[in-house]
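Chemist: The following block contains a protein sequence and its predicted model.
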Amino acid sequence: MDNEQSPTATWQAKHRELYERATRHPFILSIRDGTVDFSSFKRWLGQDYIFVGEFVPFVFSVLLKSWKESEIKSDMEIIFGGAAALSDELSWFKNEASKWGVDLCGITPFTANTEYCRFLQSFTTLDINYTVAATAFWAIETVYQESFSFCIEGDHKTPTELLGTCQRWGNSDFGQYCKSLQQIADRCIKKATADVVREAEEVFVSVLKHEIEFWNMSSSE
Ligand SMILES: Cc1ncc(CN)c(N)n1
């Protein structure tokens, strides 16, 4: 990052309590300390497969906004890299579901998931600008990166069966990708009007709240 303050880092600090609840949720802590209930993990797996199905059009809508609104060519390359990886991600979910005996066809989304997916859909309209959408995209990916990387850092007791899942979002390449998304969001926010900056911050907070609800849904009966 350059010497100037990063707006997204400022928001991470300002909303620290919420940020911690999203990235250090009891569900994640239970994976890290090895006490996770595998039925919760299976619930998360099925629900997240549905979520990723909705995340695909969201990411492509960010890509389209970047093509239309960004003067920096590399933004599109970074976002397209993320979009292209989702095909592999959906295959990973199918493979993982068959390993765990989760029937992906028979899954009904829970309320928290439906509401998060509706939130994602709201970004696909043309009136949401690139700055706001790029902020949401960075925040969504970063919560997973910070959560799952914590499960494979230091003195963890993550069950062997879950290491692949944690590595999927916790690996350093994914971390680097999230940093690139953060740089995109920061650059856009620094140039945006006060109204857009306010909207982007609200969206950041909304992502954190949706992520917390998503973890709650996964870990509760
Ligand atoms: C709920 C949720 N948030 C984030 C991600 C990471 N793309 C995900 N797969 N699911």
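Modeler: Looks like it arrived, so ask away.

Chemist: Where does Gly34 sit: helix, strand or coil?
Modeler: The three-state assignment at Gly34 reads coil, by DSSP: H, G, I helix; E, B strand; the rest coil.

Chemist: Can you tell me, leaving aside adjacent residues, what's nearest to it?
Modeler: Lys157 (3.6 Å; CB to CB, 6 or more residues apart in numbering). Where C-beta positions appear, they are placed from N, C-alpha and C, glycine not excepted.

Chemist: and the next element down the chain from the one helix or strand Ser87 maps to?
Modeler: Assigned by DSSP states H and E, Ser87 falls within helix 73-100. Scanning forward in sequence from helix 73-100 by DSSP H and E, the next helix or strand is helix 111-121.

Chemist: got the buried residues for that next one?
Modeler: By neighbour count with 16 or more other CB atoms under 10 Å, helix 111-121 contains the buried residues 112-113, 116-117, 119-120.

Chemist: Kindly report the same for stretch 52-70.
Modeler: 52, 54-55, 58-59, 61-66, 70.

Chemist: where in the protein is pLDDT low?
Modeler: By pLDDT under 70, the weakly predicted segments of the chain are 1-3, 221.

Chemist: And the helices in it, which stretches?
Modeler: All helices of the chain, identified by DSSP state H, fall at 7-14, 16-23, 26-32, 38-69, 73-100, 111-121, 130-150, 160-170, 172-191, 194-219.

Chemist: want to try CSV for those helices, with distance to the ligand as columns?
Modeler: Formatted as CSV, the helices of the chain follow (distance: least, CB to the nearest ligand atom, whole Å):
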stretch, distance to the ligand
helix 7-14, 16
helix 16-23, 10
helix 26-32, 11
helix 38-69, 5
helix 73-100, 7
helix 111-121, 6
helix 130-150, 4
helix 160-170, 6
helix 172-191, 9
helix 194-219, 4
